[in-house]
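Chemist: can you look at this prediction? I've put the sequence above it.
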Amino acid sequence: MSLARPASSTDAAPLSTARARGVRALGILSLAVLALTACSGAPRPGPSATVLPPGVDAVLVQYPDDVAAGTAHVRLVNRADKVLEIGRMLITDDRVAGYGRRPAGGDIEVEPGATSDIPVVFPKMNCTDATAVADTMLLLPYTLGASSGVSAAELADPNGILGTLFSAACVTEAAAR
């Protein structure tokens, strides 16, 4: 005897949304691996997780100078007991035409128990797409102790920074027309 209840129309929407997010995350992760490996001479590991490394947290933050520049920072907190080393970090969001990126440079190390604010520059915003979704993902190639991989995880934006950048860019673009 089956105890499963029949799916109703209200159950279908969250399931399809969850599947869509999963498919989108997998696609983004695959593209990120291609983009990250194309940017460096050394081979990078394949996608390994859809979450951040254990003991690592990330959130989008903004300094007063960032507001005028249309930039932000990713705050990485390393609560692990090993050094976190990150490579070329990317941020995806349908509101952004392309990827948000940290400026070019070498790998960044975040010591155990330390916090590092890493600058991010966003390309032009996608103001022409009315269906743009506020689904912000952080693609992070990393080494944590002896393990390495590429994480694709939702990036917390509790202050709506990316939404504010998007709105400001689109208002400016509309005024220029």
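Modeler: Alright, I've got the coordinates. Bear in mind that the values here come from a model prediction, so they are computed numbers and not experimental data. Residues are numbered from 1 along each chain as shown.
Chemist: quick one: low-confidence parts of this structure?
Modeler: Applying pLDDT under 70 to the chain flags residues 1-50, 130-133.
Chemist: please enumerate the helices of the chain.
Modeler: 9-38, 64-69, 161-176 (DSSP state H).
Chemist: tell me how many other residues crowd I108.
Modeler: Residues near I108, counting by other Cβ atoms under 10 Å, number 15. For glycine as for every other residue, the C-beta is placed from the backbone atoms N, C-alpha and C.
Chemist: specify the beta-bridge partners of it.
Modeler: Beta-bridge partners for I108, by DSSP bridges, are I86.
Chemist: from L165, how far out is it?
Modeler: Distance, I108 to L165, by Cβ to Cβ, to the nearest Å: 23 Å.
Chemist: kindly report the same for L139.
Modeler: Distance of L139 to L165, computed by Cβ to Cβ: 19 Å.
Chemist: now do the contacts for D117.
Modeler: By Cβ atoms under 8 Å, 6 or more residues apart in numbering, the residues touching D117 are 61, 63, 73-76.
Chemist: nope, I161 is what I was after
Modeler: When contacts are counted by Cβ under 8 Å, 6+ apart, I161 touches 60-62, 72.
Chemist: of those residues - the most surrounded one?
Modeler: Neighbour max across the contacts of I161 (other Cβ under 10 Å) = A72, 26 neighbours.
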